[in-house]
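**Student:** Dropping a prediction and its sequence here:
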Amino acid sequence: MGVLSRVRSMFGSGKSAAPAIPDDHECLHGTLMGRWERPADMGDDSKATAFICSACNESFSPQEATEVRRRAVERLRL
């Protein structure tokens, strides 16, 4: 048995899985990253065509992202 084989047997197959979100918990969509059609529009949220949650990769339209952010503010106030 070679050194690499021993290391793999000690630490698993070496494949790392992306962290999974438990099914019984809803993603809070805490970090939404904008997507723009044109590079010149980057950074201006009013010109974004979509927003992607960095935790679950769900995509939101600009109107949906506004609602998601509003709900996040409400959660923080509680």
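**Tutor:** Arrived safely, thanks for sending.
**Student:** Not counting residues beside it along the chain, what's closest to the residue most central in space within the chain?
**Tutor:** Computing the C-alpha centroid of the chain and ranking residues by C-alpha atoms, centre = their mean puts Ser54 first, at 1.8 Å. Nearest residue to Ser54, sequence neighbours excluded (C-beta to C-beta, 6 or more residues apart in numbering): Thr31, at 4.3 Å. Bear in mind the C-beta positions are built from the backbone N, C-alpha and C, glycine included.
**Student:** What residues does the residue nearest to the centre of the chain make contact with?
**Tutor:** 31-33 (C-beta atoms under 8 Å, 6 or more residues apart in numbering).
**Student:** any chance of those in TSV, plus distance to Pro62 and pLDDT?
**Tutor:** Formatted as TSV, the contacts of Ser54 follow (distance: C-beta to C-beta, whole Å; pLDDT from 0 to 100):
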residue	distance to Pro62	pLDDT
Thr31	16	90
Leu32	10	93
Met33	13	94
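**Student:** my read is Arg6 is in a helix, agree?
**Tutor:** Yes - assessed with DSSP: H, G, I helix; E, B strand; the rest coil, Arg6 lies in a helix.
**Student:** And the residue nearest to the centre of the chain, what's its pLDDT?
**Tutor:** With respect to pLDDT, Ser54 scores 92.
**Student:** separation between it and Arg6?
**Tutor:** Plainly put, Ser54 is 36 Å away from Arg6 if you go by C-beta to C-beta, to the nearest Å.
**Student:** How about His29?
**Tutor:** Noted for His29: a distance of 42 Å to Arg6, by C-beta to C-beta.
**Student:** what about these two, which has more around it?
**Tutor:** Shown here are His29 and Arg6; by other C-beta atoms under 10 Å, His29 has more neighbours (20 against 10).
**Student:** my guess is that one meets Cys56, correct?
**Tutor:** Yes - with contact defined as C-beta atoms under 8 Å, His29 reaches Cys56; the gap is 7.2 Å.
**Student:** count of residues packed around Gly43?
**Tutor:** Residues lying near Gly43 (other C-beta under 10 Å) number 10.
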